[in-house]
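A.B. asks: below is the sequence, then the predicted model.
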Amino acid sequence: MGLFDWLRGQFIDVIEWLDDSSDTIVYRFPRHENEIKYGAKLIVRPGQKAVFVNEGQIADVLGPGTWQLETKNLPILTDLQHWDHGFTSPFKAEVYFVNTKRFGDLKFGTKTPIIVNDPQLGPVRLKAYGTYEIRIKDPAKILRELSSTDGNFTTEEIEKFLANLILAKLPIVLAKSGISIFDLAKHYDRLGEKIKEELQPYFDDYGVLLEKILLQSISLPKELQKAIDAKGAQNVLGDMQEFIKYKSAQGIEKGGSASDIVGLGAGLYAAKEMFEEKTTPPPLPQEHYYIAMENKPMGPVSKDQLQKMIVQGELKPDTLLWQEGMEQWQRADEVVKELFKKIPPPIDES
């Protein structure tokens, strides 16, 4: 008789799970087709629950403690297996341990921007990132809905699924909150609570309790971030102007000199200059042309350069020009005839 044959012939008399991981949610006790001894000891440690499954049907769920596996402790399994009164034989059943501790530092984040309707700006694209914590509150539901027969179900297998639920509801919560993107950063905690309230009914369907959501950052498009920075600078400048008025009045009351007040204004004006963004317009676009010189195109050159060439006698009226959009080369006096009018006619020496 081989080792495995001998193992199969043994009855299981102690069932327990010593969890040495940080991410296992569901663990199936390895029965190896052995039968469980009637009266065997089941040890369920704090932060665990044991779920008995009989031929695909969820039976009894036992919480922390040491249990003798008898009919009185397994009423559902007793009914499913039709045990008679006084039953003492070994039996077969799958035992799943479900970890009910808190699982933290699970991450969510948007791969692509989501659209949020801002109360001040209207539709805005943004990205959001954060973490969340969960706890299993209904072991039977998570077995039915998510882990099924997976003998080692971990947070990695559920994290992406739950993160997608969070991201699906985030735009709705932000829109309902009425908080503008200008003020989002100081309301992260409040928004986290609102998201949790909105999502818990969906998490209930899977036997999961959403303990906490922490929004860590909400990033905006660069153009919008610049607008927010500008708004902040405007607020600072507005405060400066009020400060100038206050200090000026205070200086007059205390007999301060005019130069003191002027110096204060000059200093704050320099700060204003530092905050305000320079808005000089870009140079106007110029037309450019190609010139036929010795049967070869030369250029591109601007109108100003053409004018200089005409003055210097390098560009004649019959010189051929071309620019983008023209079907063929044309005479210079046809394309830029206004430039030739700026040249004085030759002096009559007679």
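C.D. replies: Yes, it's here.
A.B. asks: chain neighbours aside, what residue packs nearest to residue 57?
C.D. replies: Spatial nearest neighbour of residue 57, chain neighbours left out: residue 80 (6.1 Å); criterion: Cβ to Cβ, 6 or more residues apart in numbering. Heads up, the C-betas are built off the backbone N, CA and C, glycines and all.
A.B. asks: okay, and the beta partners of the nearest residue to residue 185 once chain neighbours are set aside?
C.D. replies: Nearest non-adjacent residue to residue 185, counting by Cβ to Cβ, 6+ apart: residue 218, 7.6 Å away. Taking DSSP bridges as the rule, residue 218 bridges to residue 128.
A.B. asks: how far away is residue 218 from residue 200?
C.D. replies: Counting by Cβ to Cβ, to the nearest Å, the gap from residue 218 to residue 200 is 22 Å.
A.B. asks: and those two? Which one has more around it.
C.D. replies: Between residue 218 and residue 200, counted using other Cβ atoms under 10 Å, the more crowded position is residue 218 (19 against 12).
A.B. asks: list the residues that contact the more buried one.
C.D. replies: By Cβ atoms under 8 Å, 6 or more residues apart in numbering, the residues touching residue 218 are 126, 127, 128, 129, 181, 184, 185.
A.B. asks: ok, what's across the strand from residue 133?
C.D. replies: With DSSP bridges as the criterion, residue 133 is bridged to residue 212.
A.B. asks: for stretch 94-104, buried residues please.
C.D. replies: Across stretch 94-104, burial judged by 16 or more other Cβ atoms under 10 Å covers 94, 95, 96, 97, 98, 99, 100, 103.
A.B. asks: quick check: pLDDT value at the residue nearest to residue 185.
C.D. replies: pLDDT recorded at residue 218 is 84.
A.B. asks: the stretch 101-250 of the chain: strands as residue ranges?
C.D. replies: 103-109, 114-118, 122-136, 152-154, 208-219 (DSSP state E, counting those that start in this stretch).
A.B. asks: quick one, the third one and strand 208-219 angle?
C.D. replies: Just to be clear, that refers to strand 122-136. 150 degrees (axes from the mean of the first three to the mean of the last three Cα atoms, to 10 degrees).
A.B. asks: ok and strand 122-136 relative to strand 103-109, angle-wise?
C.D. replies: Using the same axes, to 10 degrees: strand 122-136 against strand 103-109 is 160 degrees.
A.B. asks: tell me the buried residues in strand 122-136?
C.D. replies: Using 16+ other Cβ under 10 Å as the test for burial, strand 122-136 gives 124, 126, 128, 130, 131, 132, 133, 134, 135, 136.
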